[in-house]
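[1] coords below, sequence missing:
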């Protein structure tokens, strides 16, 4: 690299001079305009002494304040230990937790702030107050060490033949790149050997599975669903699952609502998916999967509390606001012989957020 | 070789006391085995310049130490298992409710262990402060141009620390396995699933099953207490080493140049101040934790995929990502002719955030390319003296702030009695148009402030002395600044835009045109510092 400084644009000190372009094919750099009649640095202003430098009484006073702060810190730390013992947690009285937390905290705070404020005060009021100056040097290594570094690499290259023996070098690079590949393969068993895509496309719902209350799991009769009401629903049997209960619930959660039949604008193809104004929709938001838990009875709107997507239940749960990608999937329902609401089948499309293979 | 400290001059006659003799012996013992005196010689009187804004990085460092200390305490009691148990602790409203061991043990830390709640709150508050301090520190470095050569690498390392802090925060936030954090994980799962080609698989492997599975908490725990802290500590180490190599920047002031560092030596003044400041930061965090509840997981209940509470908020530093998700318009899924789904409703915010973060990380290289400036810079610039950079920063802050506010769109709507639609539309506008407005205003404000500086440097300041002239006219006498005061106003560089020049082949390349255009954008509007001749001619 060139060492020269561009004299035309040189600053007032060598260190601030604009380095000349080393690469002549590159465009000239935008440079600082350095004028000859620039103000010179006026140098250090006269020092302002502190009150503790001028008045021995103040100095003594600062000394006393600092040791008082350190002493206060000792008291705080001792108090914290005392508070640990004196304010135990009584399992029957939750307010004891607050007292324990507060008094222990106050003690530790005093212990820490006493040391901290005392030390800073010591530094600012009593320790040598003049500013000191240290020279800066260019960050780059000295020419000597740079030359030596280049030489070392040259020697190492000559002794190893790193550039000369290109076949050895290239196979080495290839080999080293290949070594992490087994580590990547090892991570395959982070999850079981199933295809997640197939799992995402099915839920616990199936023909004849009863709609049950979340979380009790008691089935719901169509006659219990009054107009305007909404139920949080899980498939019957989910609450009793020993295994995969939360995983199934994360897909199968459903909202059940009953609207006046004349207000329900149904798709003719899905006209038999509801029962007497009772409709069931997936509760899992089609945006990123939060539960769409808020139902506004007057407007028939569902609202996701996470990102405020809104769905119109009266209009096939289509998205009327917010970031959701598509309407909530509808669960086809009917009633069984005993009058309980049951699913006609599983959802006919994957529930929840979009994924790559969703539409396949 | 003896390394006994030199006794103070006043007590030179008295023989060293027992304490001194022991210190001398111990120093010698250590040095003969480690050559520690070399390090003391090199660093002991190293100079650190002083400015209030330089403490922001210190706050970040110290709150990280507080996080390590309080976090270590928590690991002794926390059990990250997702095995289901029935709650049997002392918090009555949750008794008999099934929950994971992780949530149970987090409740036990809060309710059964003395000081456990305090440590949990210290840990959480310190984490919030950690990210905040890093953010403010980055803004200080950005607006003073302290990222310029030779500090570009340290900017990138600092940026990585910012990302690490967010990753540590999010993994830690998820560990208690409560309803709020579980919904946070579900959102992450939804975002991962949107990733083209491999989304469903990444989610499946991460969670070890379908969401939520029983592996995610232990896996996040390993990341949170081992892998991420180890990387963070290593990065902090490099950050500190580079700080020592590059030496700290300082603001322009009389006597301070690009070639010196003016300030307090490490021993004793800076060490006492910085060490004391660590205790102050620690003390303030404990004080907050003693009086203010943070993350009351007992109110949320254990994770269950069906319920959710209204008004859910992530921790503040994840807000900008959550906000980005909220601002996208509906129905953006696109199914390509092959039948694959492009979830643009999630991908646009995701890619947008990554581009934003990449822009932050790479800005120093961009500015260096545009300005072609290859000098070392050790003087922290006043933001007004780099109007375009300051305006870019303001635009970035506006963009971030709009996304961040969007994470609370529902809270804003309910508290100010606005419609959620209105709030979202306003924030969509603020996200897209706000940065341009902020850029324009900030640039103009910077130029105006520079003009004011010129004015004061040339004509002095109003002295408050009103004089009546013979003609009856009243004027206020202006007084000139002294040399030291004036230096602050005139000690900056003025830059000219880059000229387009043909290269050796006589061609003007596209990249050169782009570079020249950007350079013009940077330096077209500029205010020159007052020169001596100007001041001289002004006087006559």
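    Done, it's in. Just so we're clear, the structure is a prediction, and the values are computed from it rather than from any experiment.
[2] what's around whichever residue of the stretch 201-350 of chain A sits closest to chain B, how many residues?
    Per CB to the nearest CB, residue A:288 is where the stretch 201-350 of chain A lies closest to chain B, at 2.6 Å. Any C-beta I mention is one placed from the backbone N, CA and C, and that applies to glycine too. Residue A:288 has 31 neighbours, counted by other CB atoms under 10 Å in any protein chain shown.
[3] how close does residue B:132 sit to chain A?
    Using CB to the nearest CB, to the nearest Å, we find residue B:132 at a distance of 19 Å from chain A.
[4] Contacts only, for that residue.
    Contacts for residue B:132 were tallied using CB atoms under 8 Å, 6 or more residues apart in numbering or on different chains; they are B:316, B:317.
[5] same deal with the one 5 residues further on?
    Listed by CB under 8 Å, 6+ apart, the contact partners of residue B:137 are B:56, B:57, B:59, B:60, B:158.
[6] Surely the second one touches residue B:130?
    No - contact status for residue B:57 versus residue B:130: not in contact, 11.5 Å apart, counting by CB atoms under 8 Å.
[7] With neighbour numbers in mind, choose between these two.
    Taking other CB under 10 Å, residue B:57 and residue B:130 do not tie; residue B:130 has more neighbours (28 against 20).
[8] need the contacts of residue B:137 in a markdown table with distance to chain A, secondary structure and pLDDT, can you?
    Formatted as a markdown table, the contacts of residue B:137 follow (distance: CB to the nearest CB, whole Å; DSSP: H, G, I helix; E, B strand; the rest coil; pLDDT from 0 to 100):
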| residue | distance to chain A | secondary structure | pLDDT |
| --- | --- | --- | --- |
| B:56 | 16 | helix | 96 |
| B:57 | 17 | helix | 96 |
| B:59 | 13 | helix | 97 |
| B:60 | 17 | helix | 97 |
| B:158 | 17 | helix | 97 |
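[9] doesn't residue A:355 make contact with the residue of the stretch 201-350 of chain A closest to chain B?
    No - judged on CB under 8 Å, residue A:288 makes no contact with residue A:355 at a distance of 11.2 Å.
[10] Outline the domain layout of chain A.
    Domains of chain A are assigned by automatic domain parsing as A:1-42, A:52-125, A:147-188, A:204-343.
[11] what is the mean pLDDT for the longest helix seen in chain A?
    As assigned by DSSP state H, the longest helix anywhere in chain A is helix A:56-86. When pLDDT is averaged over helix A:56-86, the result is 96.
[12] got it, and stretch B:231-239?
    98.
[13] can you check stretch B:323-332 too?
    Mean predicted confidence for stretch B:323-332 is 93.
[14] how about low-confidence regions in the stretch 151-300 of chain A?
    The model of the stretch 151-300 of chain A has no residue with pLDDT under 70.
[15] residue contacts, the residue nearest to residue B:281 when sequence neighbours are not counted?
    Once flanking residues are discounted, residue B:281 sits nearest to residue B:62: 4.1 Å by CB to CB, 6 or more residues apart in numbering or on different chains. Residue B:62 makes contact with B:277, B:278, B:281, B:282, according to CB under 8 Å, 6+ apart.
[16] buried residues in the helix or strand that contains residue B:62?
    Using DSSP states H and E, residue B:62 sits in helix B:55-75. Using 16 or more other CB atoms under 10 Å in any protein chain shown as the test for burial, helix B:55-75 gives B:55-64, B:66-67, B:70-71, B:73-74.
[17] List phi and psi for the one residue in the stretch 351-500 of chain B that gets nearest to chain A.
    The minimum distance from the stretch 351-500 of chain B to chain A, using CB to the nearest CB, falls at residue B:372 (2.5 Å). According to degrees, to the nearest 10, the main-chain angles of residue B:372 amount to phi 60, psi 20.
[18] Same check on residue B:428?
    With angles defined as degrees, to the nearest 10, residue B:428 sits at phi -60, psi -40.
[19] What is the burial count for residue B:15?
    Residue B:15 has 8 neighbours, counted by other CB under 10 Å.
[20] again with residue B:19
    Other residues lying near residue B:19 total 8 when counted by other CB under 10 Å.
[21] before we move on, what about residue B:241?
    For residue B:241, the tally of surrounding residues (other CB under 10 Å) stands at 12.
[22] isn't there a helix covering it?
    Yes - assessed with DSSP: H, G, I helix; E, B strand; the rest coil, residue B:241 lies in a helix.
[23] List the contacts of residue 208.
    Here I'm looking at chain A. The contact partners of residue A:208, taken as CB under 8 Å, 6+ apart, are A:336, A:342, A:343.
[24] not what I meant, chain B
    So residue B:208 contacts A:190, A:191, A:192, B:214, B:215, B:216, B:219 (CB under 8 Å, 6+ apart).
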